[in-house]
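Enquirer: Predicted model follows, preceded by the sequence.
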Amino acid sequence: MPFKTIIEPFRIKMIEPIRLTTQAERETILQQAHYNLFLARAEDVMIDLLTDSGTSAMSAEQWAGIVRGDESYAGSRSYYRFEQAVQEIFGFKHVIPVHQGRAAERILFSIVCKPGSVIPNNTHFDTTRANIEYLGARGIDLPGPKAKYTQEHHPFKGDMDIDALKSLIEEVGADNIPLVMITCTNNSGGGQPVSMRNIRAVREVCDQHGLPFFIDACRFAENAYFIKLREPGYEHKSVKAIAQEMFSYADGCTMSGKKDGLANIGGFLCTNDDPLAQAGKELLILTEGFPTYGGLSGRDLEAMAIGLEEVLDEAYLQYRFASTRYLGEHISEAGVPIVQPPGGHAIYIDAGALLPHIPPSQYPGQSLVVELYRAGGIRAVEIGSVMFGKVDPETRVEQPARQELVRLAIPRRVYTQSHVDYVVEAILQVYERRNTLRGYKITQQTPFLRHFTCWFEPLQER
């Protein structure tokens, strides 16, 4: 009979101390950071759930690979080891290394986009959208109809709305759409997975209109494991085989190796298109590095190559999902509204539902982010109107985001069960006094990706 407790499929060999802060210290830190946790020092954070990007703990085999890294400028054996690992899983002809996923996005969109271009996605993440908009193009979100119902359970709420994709192509014309992209899993949509059926359907629409299809693949292994668990016909297939099928429907991908590459830095752009690959490599040399290192050291390429293999281990994925689900279930059972069902890499609290007395213009998600840090030294990130709010160019009125979420992203192989229990306790303490939380205003911001650096001030009590 199997045990109920799912243990971490690894042992801890090295520890990193956590500085335990007091609430008084954290209040001062918040003021010094202008209530933006991106601007706080990491050493002042007790449990860091800001992102799962680049925050993984690497394995003994990855550290061994770092020692083996070949630092030759051109043609290093570490690059060819990396290329082989990528092609084995992703199957694309050209593999272009970059320092992280947003560099792959910048290179890809710099080549294919022009002012007025339209890029459909199930839901763009922040850097993806910013790289598109910086070029004068538009990123259009086409989430499936179930995505807006945060409390409703559905196995694949990350799917793209196929009818909306067809309508968009008819409205703007295929000539104005350089490519169609799907993000797997759908990060801005609550970490929800995309079904294989939906991936195939997007491929079919692209074929009908002669459009390239790319996948934002940074959490590909988690998406593949969701397919194994939830989509009929895949329960007996390996995660690797499912991932290979996912990418067989695409013409290329962007990838941040800092997520499901289990690495602290790195990424890549893949394509089957020869001219696109040549243009990408030329831009790579100009801005990142030679095509066999792409701004990375040989040891980084080794660590990422090994991580791409380790992330497909189903014992690891089972533990990862169980740990994330544990956090989500324990706070939702107490009444905290979260995006259901729990995602693979993060739990998303519905701050709009939790704090209905704070309107989107006063950023309820940011209010919750600040309070979680104040209460327990926990750093999370707002995914709502701070990150995705848009100012109307004519009225200068800010249009709120579709949802007001707070993401608790779980670093891979980093925190133990007691850390998760601590997070649960802190969230429930904040939940008990949720009616006392107040909104915030932005006092300083940049035109693009303002959430990284903007300053906030708390609003006075009503």
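Expert: Ah, there it is. Numbers count the residues shown, from 1 in each chain.
Enquirer: Please make it C-alpha for all contacts and neighbour counts, starting now.
Expert: Will do.
Enquirer: from memory residue 67 sits against residue 297, does it?
Expert: No - look at residue 67 against residue 297 with CA atoms under 8 Å: they stay out of range, at 11.5 Å.
Enquirer: Between the two, point out the one with more neighbours.
Expert: residue 297 (22 against 13; other CA atoms under 10 Å).
Enquirer: What sits closest to that one if chain neighbours are left out?
Expert: Leaving out its chain neighbours, the residue that sits closest to residue 297 by CA to CA, 6 or more residues apart in numbering is residue 71, at 6.2 Å.
Enquirer: The one you found - how many residues pack around it?
Expert: 18.
Enquirer: Quick check: it vs residue 17, distance?
Expert: 31 Å (CA to CA, to the nearest Å).
Enquirer: What strands flank the least confident helix or strand in the chain by mean pLDDT, and is each parallel or antiparallel?
Expert: Across the helices and strands of the chain, mean confidence by mean pLDDT, DSSP states H and E is lowest for strand 390-391: a mean of 80. Each strand that pairs with strand 390-391, with its direction, by DSSP bridges: strand 398-399 (antiparallel).
Enquirer: Not counting the strand it pairs with itself, show me its contacts.
Expert: 361, 385, 389, 390, 391, 392 (CA atoms under 8 Å, 6 or more residues apart in numbering).
Enquirer: If you rank the residues you listed by neighbours, which is first?
Expert: Tallying neighbours with other CA under 10 Å puts residue 385 at the head of the contacts of strand 398-399, with 24 neighbours.
Enquirer: Contacts only, for that one.
Expert: Contacts of residue 385 (CA under 8 Å, 6+ apart): 360, 361, 363, 399, 400, 401, 403, 404.
Enquirer: Quick one: low-confidence residue ranges for this protein.
Expert: Within the chain, the segments meeting pLDDT under 70 span 1, 461-462.
Enquirer: go again using 90 as the cut-off
Expert: For the chain, the stretches with pLDDT under 90 are 1-8, 125-126, 148-151, 187-190, 390-398, 447-449, 460-462.
Enquirer: Just give the nearest non-adjacent residue to the spatially most central residue of it, would you?
Expert: When CA atoms, centre = their mean is applied to the chain, the residue found nearest the centroid is residue 187 (4.6 Å). Spatially, and ignoring its direct neighbours in sequence, residue 187 is nearest to residue 125 (6.8 Å; CA to CA, 6+ apart).
Enquirer: same thing with residue 209?
Expert: Residue 209 sits nearest to residue 174 (CA to CA, 6+ apart), 6.5 Å away.
Enquirer: how close does that neighbour get to residue 380?
Expert: 39 Å.
Enquirer: try residue 230
Expert: Residue 230 is 28 Å from residue 380, by CA to CA.
Enquirer: ditto for residue 350
Expert: Counting by CA to CA, the gap from residue 350 to residue 380 is 13 Å.
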